[in-house]
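K.L.:
Fold the following.
(one chain, ligands or ions: 1)
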Amino acid sequence: MELSEIYRNNDVHNSKVKFSFEIFPPKDGDISELFDELRVLKKYNPVLVSLTYGANGGSRTFSIELLRTILDLEMNAMPHFTCVCSSKEVVEHYINQIENMGIENILALRGDIPEDVEVCNFDFKYANELVEYITNRSTLSIGVAGYPEGHIESKSLAQDIENLKRKVDAGASAIFTQLFFDNEKFFRYVELVRKAGINLPIIPGIMPIRSAKQIHHMTSMAKISIPKAIEDIIVNEPEDIKSFGVDYVSNQCRELVDFGVNGLHFFTLNHSDLTSKIIENIM
Ligand code: FAD
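P.N.:
You can find the predicted model right below:
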């Protein structure tokens, strides 16, 4: 099912809020554990299972193998694709490959600029160019990234939203956001995005809290505000950090659902336990 259809009807899978799960290719190449975790998550009727690409995303062949696993589990696979070091030929080959597998959606990203830029082929400078390219060459429905607190390279949130508009005008169908812990930032972002004339579904990115180190790592790589309660657990590293995290993120999700979000996109980090607990709490 395509993104616009998924997030249009409120009665899909008989559940008001739609869950999607993000996974990444395991570094050791062993997909058996991930397969088990996905089987657990399947009971929440995810509308999408998205698979990251690049960074620690492994080879394209491995991505295809994993996408097949998701499809074999009868779940709707949405591969991410980063264009930062890609030629048009590579993109074309990849989109043909996934369309032939019956995949209907893709998350089109620029990706982070690598330090060693000389080895890269810059057929695409920004994600809007990738969105345009995919729109013109396929029937894939396209998701794009949004940043409630602004992308790390942006001078201002307003400028970032102008650039988001370029991706929307190029053919995007839904916006999946960066993780955040302060809902007020998300609410303000939605307001500004709507004011900019963008009416696509905005799906908040939800990060279950596993450890102080993990939060510290994630928030140091991007512009993400740390509310006092989260700062305290980073400093004190309490033993029950996971259960604190489940409570915190469950409350966060409840507030987002009350606000009227179309879906919740969980960054599962390939584990089902915390995501399951949060979903059980809010269902
Ligand atoms: P863009 O939309 O191109 O934006 C990048 C920067 O350039 C922004 O500051 C923007 O304001 C600016 N900009 C955009 N267009 C223009 C323009 N035309 N002119 C001038 N400035 C412009 N990374 C991975 O490597 N693999 C993944 O699988 C992955 N998955 C992600 C999933 C989600 C939900 C999110 C939110 C991010 C993900 N990322 C992933 C991270 C992402 O690749 C980085 O944040 C990257 O730095 C930006 O990608 P983008 O698609 O947002 O880029």
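K.L.:
Please list the residues of the stretch 51-200 of the chain that sit near the ligand.
P.N.:
Taking Cβ under 6 Å from any ligand atom, the part of the stretch 51-200 of the chain that reaches the ligand is made up of 52-55, 57, 80, 82, 109-112, 126-128, 145, 151, 153-154, 160, 163, 166-167, 176-178. C-beta here means a position set from N, CA and C on the backbone, and glycine is covered the same way.
K.L.:
Inside strands: which ones of the residues you listed?
P.N.:
Where these overlap with strands, as defined by DSSP state E, the overlap consists of 80, 82, 109, 145, 176-178.
K.L.:
So which of those residues is surrounded by the most neighbours?
P.N.:
Neighbour tally across these (other Cβ atoms under 10 Å): the maximum, 24 neighbours, falls on Phe176.
K.L.:
looking at the sheet around that one, what are its partners?
P.N.:
Bridge pairing for Phe176 (DSSP bridges) gives the partners Ala145, Ile203.
K.L.:
Please list all residues in contact with it.
P.N.:
50, 107, 143-146, 203, 205, 265 (Cβ atoms under 8 Å, 6 or more residues apart in numbering).
K.L.:
Which parts of the stretch 101-250 of the chain are helices?
P.N.:
Using DSSP state H, counting those that start in this stretch, the helices assigned to the stretch 101-250 of the chain run over residues 127-137, 157-169, 183-195, 212-221, 228-236, 241-259.
K.L.:
Take those and write them to TSV, including mean neighbour count.
P.N.:
Compiled in TSV, those are given as follows (neighbours: other Cβ atoms under 10 Å):
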stretch	mean neighbour count
helix 127-137	20
helix 157-169	18
helix 183-195	17
helix 212-221	14
helix 228-236	13
helix 241-259	17
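K.L.:
Is it possible to get TSV of these that adds mean pLDDT?
P.N.:
What follows is the helices of the stretch 101-250 of the chain, written out as TSV (pLDDT from 0 to 100):
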stretch	mean pLDDT
helix 127-137	98
helix 157-169	98
helix 183-195	98
helix 212-221	88
helix 228-236	89
helix 241-259	96
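K.L.:
Tell me the spacing between the closest residue in space to Asn281 that isn't next to it in sequence and the ligand.
P.N.:
Taking Cβ to Cβ, 6 or more residues apart in numbering as the measure, Asn281 lies nearest to Ser250, with 3.9 Å between them; neighbours along the chain are not counted. Taking Cβ to the nearest ligand atom, to the nearest Å as the measure, Ser250 falls 21 Å from the ligand.
K.L.:
next one: Phe187
P.N.:
Using Cβ to the nearest ligand atom, Phe187 is found at 18 Å from the ligand.
K.L.:
what's the spacing between that residue and Leu179?
P.N.:
With distances defined as Cβ to Cβ, to the nearest Å, the gap from Phe187 to Leu179 amounts to 16 Å.
K.L.:
what does Ile234 give?
P.N.:
With the distance defined as Cβ to Cβ, Ile234 ends up 15 Å from Leu179.
K.L.:
Then Arg137?
P.N.:
Between Arg137 and Leu179 the computed distance is 31 Å (Cβ to Cβ).
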